[in-house]
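A.B. asks: Here's my sequence, what's the structure:
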Amino acid sequence: MVSAGDRKLIFYINSSDAPLSPLVRAGHAPAMGALVKAVELVSGQLHVELSTQASSIVRRPAPDRLDIEFFAAGLPRGAQAFPEKKPVGGFWSFWPLSEAHAASRESAVQGGPSSPTGRQAVVGKVNTGGPEDWPESRALSTVTQPVKPDGAAPLTGEREQGAARETGDTPVGKDAAIDPAAGRQMEAGRTSPGAGSTPDTGHQSVSPAAAGGAVVSGSVRNASSAGVAATPGGTAASDPATSGQGKRSEAGTVSGKVNEQTVGIPAARQPEEEVSKAPEERPVIYVDEQGNPVPRPINPEIVMEEAERLIRERKYIEALPQLEKLRSLPGLHPEMLEKALYYISDCTWARYADNPLAGYEAIVSSTSEAMNANLRSPRVPEALLRLGLANVNVGNLVDAGGYIVALLRRYPDYPGVAQGFTALGKAQLKRGLDERAEQSFSMVLDKYPESSYLQEASVGLAEAFNRQKKFQNAQLILDFISKRWPRYYIDEPSFLLLQAGNDEALGKTGPALGLYWLYYNLVPGHEGNDELLLRLGDMYARQGGWISAEFVYRYVERVFAGTASASVARLRLAEKGIYDSPISYTEMSAVFAKDQGGALWKVYTDLAASSRTAPAAVLARLKEAMWLYWDKKYTEAMGKAADFIDAYPENANVPQAKDLIWASFQQELNNSLAEGNYGRILILWNGFPLVRERYGALDPRMRYALAQGMLERGDEAAALGMMAEFLKSPMDPNYGEAAFTEFFNRYLKAGAWDKVLDLGKLVSTWPMNRQLRNQLDYALALSAQNLNLTGPALAMWAQLADRQDIPLYQRAYATYFLARDAEQRKDIKDSYELNRKVIDLFTRLQEERSDKADPQRIKDAMAALMDISEVANRVPEALEWVGRYNAYASPESPEYPGLRFREARLYRKLGDAARAQALLEDVVRNYPNSPFAQAAAGELRTFEVSRDLQNFLPGGSSEAGQPAPGQAREEGKAASAPAAAQ
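C.D. replies: Prediction:
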């Protein structure tokens, strides 16, 4: 751009002598009142004259392109910018210029006043509505001129350069390279004048942009073009090529003023460009106060319309983001904000309709926010109702009731109150809060009798009365429902079940049966009809109509085979009656007695296996236990009953199960005691805590049985600890002596002599039987003897030795210990008599083949008698005892050599030297390694010395074989001394 005056734009096209391409019109010619009045090419410059109503914007999107926009100067805000790089119909375009020439011109004009600059070098305020402190570095590449009131004509000719300098506008554009051929055509057009073209009076309709104040755009693309602007009236001049104008001259220059006529530049005929596409809207950049780009401001009305459209289309999730935008807008009108908040609540409520628990927080928060935005809003009742229903849906009945009651108090005429109380009542019924449900439903019936929720509330109230066993009140409501809505049962057949159940509770069996059958006939295939038919059969059975009941039971068993109802029906047929909870063994035993072939047991087991929770299956488990008890299988019955208690501790029949366990245990206890099977008693006692709890403190029978069971199991310590109670005085007449015997025998077997003495002290005052007392006395004496308590032992032995009522072996041992005591006291007389008595008593035991016979005690007594007889110089008697002793000493026994040596000495004392010598020689010969062999050898040497001495004595030869009388006596004394010493 060379210059921009008030109403004239001058563009530098080419300063060289190269020919220019002809300027041709591409669109409609300007008409009267157009924004562009004239376009002409003068001395290589393109002059564009604007009307008084026009202003312009110039852009250079590329080095070889200029875009010019024209718009009404009085309407800058309404002007619409066309997109860049798109031709616009109704204006001018240039043919391509030489690229080489453009390159040379670009280097020639660098730095000059009129040299082209970059796109951003030409700045100007375009958006008059923008901020006043718009950064200049961010402004558009435009030049605008204010419209003067007087409408002065634009600058032309020689004043253009000065005008440009006065206004301070910076030239825009960059020389383009000019094609050589095109340049020659342009030069020819400049030197050869031609006639102007005839104006076209035809008009065409224009775009809305032109109608509202024309905004036109031209472009320079290496050539010059021109076009026409749309008329203010909404029409544009027709293209001469298309409206039948005369042929243009081929060459020449264009000069002169253009007034409401098409002005053309002579040039060679060129193909016309197609009418450009509709212009695109120029993008608008929004900035903040500092000039920083910001998002486009939201239009609340448009966003609200979009959100409402989505809501109408039930696209609630898509509508929520739009509504959230409105909610976050600052300064939004309160009414629109309230509307948006309630829409958010509506969309959130609809979004979580199928999952109220997941959306509880979102629903409550959005609804509360909407309500609190304007507490005087007419939608506050709706918000309160929604808050109440949201809490009802998640089971928060306390808060729900608070919201609904608040709704009732503040807005009693609001129709939603009935809906809230109805929903609350239904939730209370589900939670088993029947009394509160009654109050909720009653509120609807009392205060809102014309509400659309009256029917639901009435049915709910009847159900609440029925659950509370207020059957008369329920009957009144049911009659009201039947009269107000006589065909309600057709839409809701379950209503018939409520009516029938209430009639049945009131004892109206006939009407109840009719209603039940009506329900079954209405919905014969409905789930649960098997249970209904079973109930009908039970009703017939309780009325005494067993034939009808049996028919229904068999129908259920056949049609609904495999269900729990079929199993119960089979049970009814097997028991031939109804035996439901609670049951007792007395009545069931009569049923068991009628059973044939054990069919009942199979029915019970099948029914128990069919379910773990069905009432009939649960009861069948207890009936199994009763059957086992009736069949005298007490242990199995206890197990079944205990399993029933463990599995169903809250069942109403648990007391009967406990009684059954106790009765079974009593039977088993008696049988086990009779059999002496104490181990089984112990197992049952330890395995059933209920038995221990019910038995309480142990009686003597159970104590003794458990102790015996522990002994059988090998737990002697626990058994004796339990039996210790029986050792207390006074003596237990049944189990005292038995317990004493257990302790007594174990102490004797273990040799616990001190414990035997202690045991004797504990039972010293007991009135024990004589035999057991004798056993204890003997054991006490034996214990004292073994503990070296000589005094007490001898006293007790003396008492026992004289008693004839004690066993023979006890008298024998008592005499034996008395004989040993006499020997220790060297009382030869008592020792002799007692030892002879010991031999006599133990010999009798041997003859009786008693297990208490003890040969060693006989040998001890004989040895003592040998000593006593030898000391008393009663050698023949001593030899007699030696002979009897030989019967107890075999030649192989260790004591045999000593016995022979002693016998030899006795014979020597008696004077039978030959017999003595023979015995000694036998000992030396047969037992050379025995200590008695050496003693025997010594004795034999004394025999030889004695013989030799006799040969030297006077008369020795004649009397060698006969010792003197005195000598014989001396030898006898010497021989008796060792025996006595022994």
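
A.B. asks: just the helices in the stretch 851-982 of the chain please.
C.D. replies: 855-871, 875-886, 896-910, 913-926, 931-952, 965-981 (DSSP state H, counting those that start in this stretch).

A.B. asks: Ignore what I typed, I meant the stretch 601-750 of the chain.
C.D. replies: Using DSSP H, counting those that start in this stretch, helices in the stretch 601-750 of the chain cover 615-630, 634-647, 654-675, 678-687, 689-695, 700-713, 716-723, 736-750.

A.B. asks: can you put the ones you listed in CSV and add distance to Ser328 and mean pLDDT?
C.D. replies: The way it works is simple: take the backbone N, C-alpha and C, and place the C-beta from them, glycine included. Output for the helices of the stretch 601-750 of the chain, formatted as CSV (distance: least, Cβ to Cβ, whole Å; pLDDT from 0 to 100):
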stretch, distance to Ser328, mean pLDDT
helix 615-630, 60, 93
helix 634-647, 60, 94
helix 654-675, 64, 93
helix 678-687, 73, 92
helix 689-695, 69, 91
helix 700-713, 83, 92
helix 716-723, 82, 91
helix 736-750, 94, 90
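
A.B. asks: What is the strand or helix carrying Ala795 packed up against?
C.D. replies: Secondary structure here is read from DSSP states H and E; on that basis Ala795 sits in helix 790-801. In this structure, helix 790-801 makes packing contacts with helix 770-786, helix 808-824, judged by 3 or more Cβ pairs under 8 Å, 6 or more residues apart in numbering; DSSP states H and E.

A.B. asks: got those helices as TSV, with mean neighbour count columns?
C.D. replies: TSV is the format used below for these (neighbours: other Cβ atoms under 10 Å):
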stretch	mean neighbour count
helix 770-786	19
helix 808-824	22
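
A.B. asks: what's the most buried one of the helices of the stretch 601-750 of the chain?
C.D. replies: helix 615-630 (a mean of 22; mean count of other Cβ atoms under 10 Å).

A.B. asks: Check the average confidence over stretch 578-585, would you?
C.D. replies: For stretch 578-585, the mean per-residue pLDDT is 89.

A.B. asks: where does it sit relative to the chain's centre, distance-wise?
C.D. replies: 38 Å (Cα atoms, centre = their mean, to the nearest Å).

A.B. asks: For that stretch, list every residue counted as buried.
C.D. replies: Within stretch 578-585, the residues scored as buried using 16 or more other Cβ atoms under 10 Å are 579, 583, 585.

A.B. asks: how about the helices of the stretch 851-982 of the chain in JSON lines, adding mean neighbour count?
C.D. replies: As requested, the helices of the stretch 851-982 of the chain are arranged in JSON lines below (neighbours: other Cβ under 10 Å):
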{"stretch": "helix 855-871", "mean neighbour count": "21"}
{"stretch": "helix 875-886", "mean neighbour count": "18"}
{"stretch": "helix 896-910", "mean neighbour count": "22"}
{"stretch": "helix 913-926", "mean neighbour count": "18"}
{"stretch": "helix 931-952", "mean neighbour count": "14"}
{"stretch": "helix 965-981", "mean neighbour count": "13"}
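
A.B. asks: Distance to Ala457 and mean pLDDT added to those, as JSON lines?
C.D. replies: Conversion of the helices of the stretch 851-982 of the chain to JSON lines gives the following (distance: least, Cβ to Cβ, whole Å; pLDDT from 0 to 100):
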{"stretch": "helix 855-871", "distance to Ala457": "109", "mean pLDDT": "89"}
{"stretch": "helix 875-886", "distance to Ala457": "121", "mean pLDDT": "87"}
{"stretch": "helix 896-910", "distance to Ala457": "121", "mean pLDDT": "84"}
{"stretch": "helix 913-926", "distance to Ala457": "128", "mean pLDDT": "83"}
{"stretch": "helix 931-952", "distance to Ala457": "124", "mean pLDDT": "71"}
{"stretch": "helix 965-981", "distance to Ala457": "127", "mean pLDDT": "34"}
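
A.B. asks: Spatially, what comes nearest to Asp830 if we skip its sequence neighbours?
C.D. replies: Closest residue to Asp830 apart from its sequence neighbours, by Cβ to Cβ, 6 or more residues apart in numbering: Ala822 at 3.9 Å.

A.B. asks: What separation is there between the one you found and Gln856?
C.D. replies: Using Cβ to Cβ, to the nearest Å, one obtains 19 Å as the distance from Ala822 to Gln856.

A.B. asks: before we move on, what about Leu794?
C.D. replies: Using Cβ to Cβ, which is the criterion applied here, Leu794 is 21 Å from Gln856.

A.B. asks: Quick one: the strands in the stretch 501-650 of the chain, in order.
C.D. replies: Under the criterion DSSP state E, counting those that start in this stretch, strands are not mapped anywhere in the stretch 501-650 of the chain.

A.B. asks: so where is it shaky, pLDDT-wise?
C.D. replies: Low-confidence segments of the stretch 501-650 of the chain (pLDDT under 70): none present.

A.B. asks: If we use 80, what do you get?
C.D. replies: By pLDDT under 80, the weakly predicted segments of the stretch 501-650 of the chain are 596-598.

A.B. asks: Tell me the buried residues in the helix or strand where Ala464 lies?
C.D. replies: If you go by DSSP H and E, Ala464 is part of helix 454-467. Buried residues in helix 454-467, counting neighbours by 16+ other Cβ under 10 Å, are found at 454-466.

A.B. asks: from the residues you listed, which single one is nearest Ile806?
C.D. replies: Of all the buried residues of helix 454-467, Asn466 has the smallest distance to Ile806: 88.0 Å, by Cβ to Cβ.

A.B. asks: Who are the contact partners of the closest one?
C.D. replies: Contacts for Asn466 were tallied using Cβ atoms under 8 Å, 6 or more residues apart in numbering; they are 474, 498, 501-502, 505.

A.B. asks: What is the most widely separated pair among those residues?
C.D. replies: With distance counted by Cβ to Cβ, no two of the contacts of Asn466 lie farther apart than Leu498 and Ala505, which are 10.9 Å apart.

A.B. asks: out of these two, which sits in the busier spot?
C.D. replies: Set side by side, Leu498 and Ala505 show more neighbours around Leu498, with 20 against 15, by other Cβ atoms under 10 Å.

A.B. asks: From the contact counts, what lies against the helix or strand the more buried one falls within?
C.D. replies: Using DSSP H and E, Leu498 sits in helix 494-505. Under the contact criterion of 3+ Cβ pairs under 8 Å, 6+ apart, helix 494-505 touches helix 454-467, helix 471-484, helix 488-491, helix 509-522.

A.B. asks: do you know which of those lies nearest Leu711?
C.D. replies: When those are ranked by proximity to Leu711 (Cβ to Cβ), helix 454-467 comes first, at 60.7 Å.

A.B. asks: Quick one: distance of stretch 45-57 to the chain centre.
C.D. replies: Its chain's C-alpha centre lies 82 Å from the corresponding centre of stretch 45-57 when counted by Cα atoms, centre = their mean.

A.B. asks: And for stretch 560-568?
C.D. replies: Chain-centre distance of stretch 560-568: 34 Å, with Cα atoms, centre = their mean.

A.B. asks: Now do the contacts for Leu818.
C.D. replies: With contacts taken as Cβ under 8 Å, 6+ apart, Leu818 has the following neighbours: 794, 797-798, 801, 830, 834.

A.B. asks: Most neighbours among those residues, please name it.
C.D. replies: Most neighbours among the contacts of Leu818, by other Cβ under 10 Å: Trp797, with 26 neighbours.

A.B. asks: what sits against that one?
C.D. replies: 781, 785, 814-815, 817-818, 821.

A.B. asks: Is it possible to get JSON lines of the residues you listed that adds distance to Tyr629 and pLDDT?
C.D. replies: Formatted as JSON lines, the entries for the contacts of Trp797 read as follows, by distance: Cβ to Cβ, whole Å; pLDDT from 0 to 100:
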{"residue": "Ala781", "distance to Tyr629": "55", "pLDDT": "91"}
{"residue": "Gln785", "distance to Tyr629": "58", "pLDDT": "90"}
{"residue": "Ala814", "distance to Tyr629": "58", "pLDDT": "91"}
{"residue": "Thr815", "distance to Tyr629": "62", "pLDDT": "91"}
{"residue": "Phe817", "distance to Tyr629": "61", "pLDDT": "91"}
{"residue": "Leu818", "distance to Tyr629": "64", "pLDDT": "91"}
{"residue": "Asp821", "distance to Tyr629": "67", "pLDDT": "90"}
